[in-house]
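Trainee: predicted coordinates and the sequence they were generated for:
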Amino acid sequence: MLHPLEVEALKEVASSAGADVKRLEKIIDHRLSFDQNKRVVKDWLKAEGKAVDMRSEMVADKELSEKMIGALQTELGEKEAIKYNQVISKKADIDAKISAMQ
């Protein structure tokens, strides 16, 4: 399944080639990987007579990588914070029970 950042990267590639981004949304298959979708988009652009600029494609790939790393780090940080809070609350409950027993 495609991440929203990957969809944006595909749109940037198509946009830089001068393609209609609204039509691109019908081309993108969210069940496929990013690389598979990129191949489909490039084939579609060739069929439309649009040239894919390798430089813009590489820039989009690099920006996507940076954004994905940031998004994954944020997501992992949020999950770790939730786990930490759960452990802390359990610890407080256990400490309270121990104090009550003494």
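Mentor: Arrived safely, thanks for sending.

Trainee: what about this protein, any weak spots by pLDDT?
Mentor: Within the chain, the stretches with pLDDT under 70 are 53.

Trainee: what sits up against stretch 4-14?
Mentor: 21, 24, 28, 30, 34, 37-38, 41-42, 45, 50, 52, 56-57, 60-61, 63-64, 67-68, 71 (CB atoms under 8 Å, 6 or more residues apart in numbering). Where C-beta positions appear, they are placed from N, C-alpha and C, glycine not excepted.

Trainee: now it: buried residues?
Mentor: Neighbour-count burial for stretch 4-14 flags 5-7, 9-14 (criterion: 16 or more other CB atoms under 10 Å).

Trainee: which of these lies closest to Asp93?
Mentor: Closest approach between those and Asp93, by CB to CB: Leu5, at 39.1 Å.

Trainee: turn the buried residues of stretch 4-14 into JSON lines, columns for distance to Ser89 and secondary structure.
Mentor: Below are the buried residues of stretch 4-14 laid out as JSON lines (distance: CB to CB, whole Å; DSSP: H, G, I helix; E, B strand; the rest coil):
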{"residue": "Leu5", "distance to Ser89": "33", "secondary structure": "helix"}
{"residue": "Glu6", "distance to Ser89": "36", "secondary structure": "helix"}
{"residue": "Val7", "distance to Ser89": "37", "secondary structure": "helix"}
{"residue": "Ala9", "distance to Ser89": "39", "secondary structure": "helix"}
{"residue": "Leu10", "distance to Ser89": "42", "secondary structure": "helix"}
{"residue": "Lys11", "distance to Ser89": "42", "secondary structure": "helix"}
{"residue": "Glu12", "distance to Ser89": "43", "secondary structure": "helix"}
{"residue": "Val13", "distance to Ser89": "46", "secondary structure": "helix"}
{"residue": "Ala14", "distance to Ser89": "48", "secondary structure": "helix"}
